[in-house]
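A.B. asks: quick one, fold the following:
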Amino acid sequence: MAVFKRIAVLCVVAVSLILNGCANSLTRAMNSTDIQNIDFSKSFKSSEACQTRILFFPQTGEASVMAAAKAGGISTVELVDYKTFSAIILNKGCVKVWGH
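C.D. replies: As a prediction, the model looks like this:
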């Protein structure tokens, strides 16, 4: 019976680690911009905000456009980009903004 309990515990741990890779809560901005109206000859300030989650512990950080703009002192956001990284026990999502 002890062997069965060990196998059951290992299966639960394995499934939990596999499903953790799907637990990314980065919300994308839904607005779109016609980039033909953006003057790329100007210099832009850029800033990034990230959130990290390890296993099932609460996430740390805030990956939002507002957080990234505030961190970089950007009052007018022109462009937004997203990147995510997922491993077995780690999920990280970042938002990068450019603007003035």
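A.B. asks: how about the helices in this protein?
C.D. replies: 2-20, 65-72 (DSSP state H).
A.B. asks: of those, which is nearest residue 42?
C.D. replies: helix 65-72 (15.6 Å; CB to CB). Any C-beta I mention is one placed from the backbone N, CA and C, and that applies to glycine too.
A.B. asks: what packs against that closest one?
C.D. replies: strand 45-54, strand 77-86, strand 90-99 (3 or more CB pairs under 8 Å, 6 or more residues apart in numbering; DSSP states H and E).
A.B. asks: what sits up against that helix?
C.D. replies: 29, 45-49, 74-75, 77, 80, 95-97, 99 (CB atoms under 8 Å, 6 or more residues apart in numbering).
A.B. asks: with pLDDT, distance to residue 64 and neighbour count added, can I get these in CSV?
C.D. replies: Conversion of those to CSV gives the following (pLDDT from 0 to 100; distance: CB to CB, whole Å; neighbours: other CB atoms under 10 Å):
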residue, pLDDT, distance to residue 64, neighbour count
29, 58, 9, 12
45, 92, 17, 15
46, 94, 16, 14
47, 95, 12, 19
48, 95, 11, 15
49, 95, 6, 21
74, 94, 13, 19
75, 92, 16, 10
77, 89, 11, 20
80, 88, 10, 17
95, 92, 6, 25
96, 94, 12, 18
97, 93, 10, 26
99, 91, 14, 20
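A.B. asks: in those, find the pair that's most separated.
C.D. replies: 29 and 45 (18.1 Å).
A.B. asks: thinking again about what came up before, hey, which of the helices of the chain is tucked in deepest?
C.D. replies: helix 65-72 (a mean of 18; mean count of other CB atoms under 10 Å).
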